[in-house]
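Chemist: From the sequence below, what's the structure:
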Amino acid sequence: MSTKIGITGGIGSGKSIVSRLLEIMGVPVYISDIESKRITCTDEYIIRELSALVGEGILVDGELNRSLLAAYLFGHPDHTKAVNAIIHPRVKDDFRKWAACRDTYDLIGIESAILVEASFREEVDYVVMVYAPLHVRVDRAVRRDGALREQIMKRIDSQMSDEEKRGHADFVLINDGETPLIPQVLNLISLLSKNNSYLCPAKK
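Modeler: Residues are numbered from 1 along each chain as shown. Reported below is the predicted structural model:
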């Protein structure tokens, strides 16, 4: 059975870079953001339930109507909880099926910015947090998304803080642009692949 690791971190921390490095090194990674978008647009249950909440225009030419969904979610935490309650369990089921097809691998991963918030913590053995200082994260996100710093800060403020994420993490990888990242990823793989006796899977 594979050891499952959850890769998480805030906007601009570099989760995707770590996931790509893991894949290059032979560790399959489930990218929850990509897969959740696919599932949301193809799962009949999700489409039906979202349509009941938001309206029949939730899909446009087979794509999620993001503006309609954003209008429904904006300023309504209870709406966000309702949507998440529809989508997250289906993504979790999809991850389980994906993982079952890869149980011959020593390590597999799942990347999610909201790993803890979406209750995926119980699906993995270890949580790996990718950390970068706030100013580095903001600069990266501004360049990547072409957004204003104020917009990025609002998105960051809406997420779980780095301090709280650290409290859930079994490992922290530093991606500050100065500390070499590849040796950290290699070390992580080495530690978990060896199944060292002093590493006990975190309680689920």
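Chemist: Could you look up the next helix or strand downstream of the longest helix along the chain?
Modeler: Longest helix in the chain by number of residues, with DSSP state H as the criterion: helix 77-100. Taking DSSP states H and E as the definition, the helix or strand that follows helix 77-100 towards the C-terminus is strand 107-111.
Chemist: tell me what the next helix or strand along the chain from that following strand is packed against?
Modeler: Scanning forward in sequence from strand 107-111, with DSSP H and E defining helices and strands, the next element found is strand 126-131. Other helices and strands packing on strand 126-131, by 3 or more Cβ pairs under 8 Å, 6 or more residues apart in numbering; DSSP states H and E, are strand 3-8, helix 15-24, helix 162-168, strand 171-174. Just so you know, the C-beta spots here come from the backbone N, C-alpha and C atoms, and that holds for glycine as well.
Chemist: who touches strand 126-131?
Modeler: Outside strand 126-131, the residues that touch it by Cβ atoms under 8 Å, 6 or more residues apart in numbering are 3-9, 13-15, 17-18, 109, 115-116, 121, 162, 165-166, 168-176, 188, 192, 201-202.
Chemist: From residue 22, how far out is residue 33?
Modeler: When Cβ to Cβ, to the nearest Å is applied, the distance between residue 33 and residue 22 equals 16 Å.
Chemist: Could you pull up the residues touching residue 77?
Modeler: Contacts of residue 77 by Cβ under 8 Å, 6+ apart: none found.
Chemist: one step back: just the buried residues of the longest helix of the chain, please?
Modeler: Within helix 77-100, the residues that qualify as buried are 79, 82-84, 86-88, 90-92, 94-95, 99, counting by 16 or more other Cβ atoms under 10 Å.
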